[in-house]
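Participant: need a 3D model of the sequence below.
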Amino acid sequence: MDFIRQPMEIETRSMEIIAPYLEGMNLDEKAVKVYSRIIHAAGDVEYAPIIRIGAGAIDKAMEALRSGSDIYTDVEMVRTGINKRKLASFGGEVHCLIADDEVAAMAKAEGITRSMAAMRKFGKKLEGSIVAIGNAPTALFEVLRLVREEGIRPACIVGIPVGFVGAADSKRELAENGIVPYITVEGTKGGSPIAAAAINAMMYLINNDRG
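Facilitator: As a prediction, the model looks like this:
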């Protein structure tokens, strides 16, 4: 069987296949890159009409990344999927507390999920950072509570939790928050690879030869 073997050729061909599904959507060049990376990670062109990027979200996220801001994630799968070498070239790090003992104790004591407790523990560290959520709707709800009730302002929230319980609702609340720039996907679709892909797309948009 004849098939493409070169990684760059595979990626180029993938983007060529994705491109027609983005035509007529009035996306700027940066948005096309983010949309394409998300669709590529999902292997699903049905993502095209349900991706939502808030006004200025990509520029705000890129500005934060360029200045060395850290990224805070809900689960290890998101942290693992983010290009940490590229992020380190800007001076940033990725953080996840899902396995932290104090977070586990907090979650048990307060009757909440670990990912929710992790965001609560991050607290003010989220100020000016990028939040990347790809698994837990409860984590996204908690971040939005911190924004609404405690005045914490991340530079951008990439909120793409997946699932049938709370995911669509949490992402709808994110899109309607009116305070923090966001990237999300409507409905039940999403997941850690999708959130990581959106983050990586924005890092790749930054011209940084060290990455």
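
Participant: poorly predicted segments of this protein, please.
Facilitator: 1-7, 208-211 (pLDDT under 70).

Participant: what segments of it are helices?
Facilitator: Along the chain, counting by DSSP state H, helices occupy 7-18, 29-42, 57-66, 76-81, 84-90, 101-110, 114-122, 137-150, 167-175, 192-205.

Participant: give me the contact list for the fourth one.
Facilitator: Residues lying outside helix 76-81 but in contact with it, judged by C-beta atoms under 8 Å, 6 or more residues apart in numbering, are 73, 94-96, 98-99, 132-135, 192-193, 195-197, 200. Bear in mind the C-beta positions are built from the backbone N, C-alpha and C, glycine included.

Participant: show the buried residues in those residues.
Facilitator: 73, 94, 96, 98, 132-135, 192-193, 195-197, 200 (16 or more other C-beta atoms under 10 Å).

Participant: can I get those in a markdown table with distance to residue 114?
Facilitator: Below are those laid out as a markdown table (distance: C-beta to C-beta, whole Å):
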| residue | distance to residue 114 |
| --- | --- |
| 73 | 13 |
| 94 | 17 |
| 96 | 11 |
| 98 | 5 |
| 132 | 16 |
| 133 | 13 |
| 134 | 15 |
| 135 | 11 |
| 192 | 15 |
| 193 | 20 |
| 195 | 17 |
| 196 | 19 |
| 197 | 24 |
| 200 | 25 |
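
Participant: residue 52: which of those residues is nearest?
Facilitator: Distance to residue 52 across these (C-beta to C-beta) is lowest for residue 195, with 13.6 Å.

Participant: for residue 59, see how far away the closest one is.
Facilitator: 19 Å (C-beta to C-beta, to the nearest Å).

Participant: related to what we said a few turns ago, so for residue 184, which of the helices of the chain sits nearest?
Facilitator: helix 167-175 (4.6 Å).

Participant: list the buried residues in that closest one.
Facilitator: For helix 167-175, a neighbour-count test (16+ other C-beta under 10 Å) marks 167, 168, 170, 171, 173, 174, 175 as buried.
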